[in-house]
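*Asks:* This is a predicted model, with the sequence first.
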Amino acid sequence: MQTLIERPRLARMFRLQWEPVQQAHVLLYPEGMVKLNLSAAEILLRCDGIHAVAQIVTQLEMAFSTQGLEAEVYAFIVDARERGWLV
Amino acid sequence: MSERAPPLWLLAELTYRCPLHCVFCYNPVDYAARPQELTTAQWIDVLRQGRQLGAAQLGFSGGEPLMRDDLALLVAEGHRLGYYTNLITSGVGLNEARLVALKEAGLDHIQLSFQDSSREMNDFLSSTKTFGLKLKVAELIKRYDYPMVLNVVLHRYNLDHVERIIEMALAMGVDYLELANTQYYGWGLLNRAQLMPTLAQLRKAESVVEAWRAKVGARLRILFVVPDYFEERPKACMNGWGAVFLAVAADGAALPCHAARTIPDMVFPNVTQSGLRDIWYDSEAFNRFRGDAWMKEPCQSCPEKERDFGGCRCQALALTGAAENADPACAKSPHHVELRAIVRAAHATQGASQPMVFRSDANSRKLSRR
């Protein structure tokens, strides 16, 4: 099990962008593309290498007027790191 | 008819010109009969139309795309439009000045091909002296901090070198290593008997790859594309005909797959005559193998048809004589047994020094007249 990154950011070969035709955010990388669901996109958009994971959780909870997102966000970030999306 | 989604992948095969002469090239063997190329303005128009349709990945390939002097200009336009831009290259012609120009144009990624980990085999298979040059190019690509994919096409002559190829990739610091067993199209099909590996070679290479994956983890991601002549189920070719992939050949022909031009009774629309939207959604060529109405048995009643779409149309044509048939890579195909016979025959003739046919303009002209 890998430890959590403190201030996650996208790995350099990935690019996150909004695709109007697909009405979704996508993650682009060499010769590939992942269509992101809403929560994945909202988390990744905040992984800027500046904010800590705890701050990202707070941002999301404020943005969506909700509580208790911590476990979901941590799990996603661990998974995204294993996929090589985040460093 | 299945739901029609937009294309996601636009492949611009800028030119069929190439300084290499690889024996496994998938380009059409009669490419010399089609020397005309789209102009810069025509390519820019294609890129704009593709982006409007929804394509997000843009590949520049060929032939060798560096043969086009306007490459950086086209990359800049692709970048400006919001594509993720991929350069698929042999590296020949990629000097520091061009690499800087491409970086400034916004190129996102470079896929560099090597033929082998050894100078001798690399230079033999490409019929050039390019190994040293490619090593220098790999070093330059890293120095300019591009994400880099190293692509090596595998076959009988280099499958046993997989370990050294992985070590070479690690030493180069590449991000992905694509070990792609030869797909038998174009020049590869012509040289199939020579290139065909043995099952023992394949299994050994697979186990070497597995061991290295475990050892290096995320430091180097290794893709191993299996050769479908040794499989029981066909590949989901192109993720389905006209599903996500749109190639535009050097002369402007729009193709649902690189090898589609081998299907003789098909007319492919040309971007100089039709808009990309009409081509993608309404042309006969792109609709011909969409959905499953075109399928015959055993595909029509197969529970896996939604997953593999009956395999590859071009391979079905090449090996069974009809593009509508099941890809014989599938064990359910009545032609599947013939695949085994092809493999056996290849091994039987390999001892008998049948000459390889290198991809060259002269050979292509000869093959065009047949």
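*Replies:* Received the coordinates, thanks. For clarity, every value in this text was computed on a predicted model and none was experimentally measured.
*Asks:* Pull the contacting residues for B:Ala193.
*Replies:* B:345-346, B:349-350, B:354 (CB atoms under 8 Å, 6 or more residues apart in numbering or on different chains). Placement of C-beta: from N, CA and C, glycine included.
*Asks:* Show the buried residues in these.
*Replies:* The neighbour-count criterion (16 or more other CB atoms under 10 Å in any protein chain shown) marks B:Ala346 among the contacts of B:Ala193 as buried.
*Asks:* what's the closest of the contacts of B:Ala193 to chain A?
*Replies:* Taking CB to the nearest CB as the measure, chain A lies nearest B:Ala346 of the contacts of B:Ala193, at 29.9 Å.
*Asks:* Find me the pLDDT at residue 3, would you?
*Replies:* This is for chain A. A:Thr3 is assigned a pLDDT of 57 by the prediction.
*Asks:* oops, chain B please
*Replies:* B:Glu3 is given a pLDDT of 58.
*Asks:* likewise A:Glu42?
*Replies:* Value for A:Glu42, per-residue pLDDT: 97.
*Asks:* Can you report how many residues neighbour it?
*Replies:* 19 (other CB atoms under 10 Å in any protein chain shown).
*Asks:* Could I get the CA-only coordinates of the helix or strand where it lies as PDB?
*Replies:* Element membership for A:Glu42, per DSSP states H and E: helix A:38-45. Extracted as PDB, the C-alpha positions of helix A:38-45 are listed here (Å, rounded to 0.1, in the frame of the first residue of the first chain):
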ATOM      1  CA  LEU A  38     -18.400  14.100 -11.800                       C
ATOM      2  CA  SER A  39     -16.800  13.300  -8.500                       C
ATOM      3  CA  ALA A  40     -13.500  12.100 -10.000                       C
ATOM      4  CA  ALA A  41     -13.400  15.300 -12.100                       C
ATOM      5  CA  GLU A  42     -14.100  17.600  -9.100                       C
ATOM      6  CA  ILE A  43     -11.400  16.000  -7.100                       C
ATOM      7  CA  LEU A  44      -8.800  16.000  -9.800                       C
ATOM      8  CA  LEU A  45      -9.500  19.600 -10.700                       C
END
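*Asks:* buried sites along that helix?
*Replies:* A:40-45.
*Asks:* for the chain, which spans come out with low pLDDT?
*Replies:* No chain was given, so I picked chain A. A:1-4 (pLDDT under 70).
*Asks:* let's do chain B instead
*Replies:* If you take pLDDT under 70 as the line, chain B has these spans: B:1-3, B:351-353, B:370.
*Asks:* As a quick check, tell me the outermost residue of it.
*Replies:* B:Ser301 (30.3 Å; CA atoms, centre = their mean).
*Asks:* In a helix, it, correct?
*Replies:* No - B:Ser301: not assigned to a helix; according to DSSP: H, G, I helix; E, B strand; the rest coil it is coil.
*Asks:* quick one: it from B:Arg340, how far?
*Replies:* As judged by CB to CB, to the nearest Å, B:Ser301 and B:Arg340 stand 24 Å apart.
*Asks:* same deal with B:Asp265?
*Replies:* 29 Å.
*Asks:* Neighbour count: these two, which is higher?
*Replies:* B:Arg340 (12 against 6).
*Asks:* Tell me the secondary structure at that one.
*Replies:* Going by three-state DSSP: B:Arg340 is helix.
*Asks:* what's it in contact with, if anything?
*Replies:* Contacts of B:Arg340 (CB under 8 Å, 6+ apart): none.
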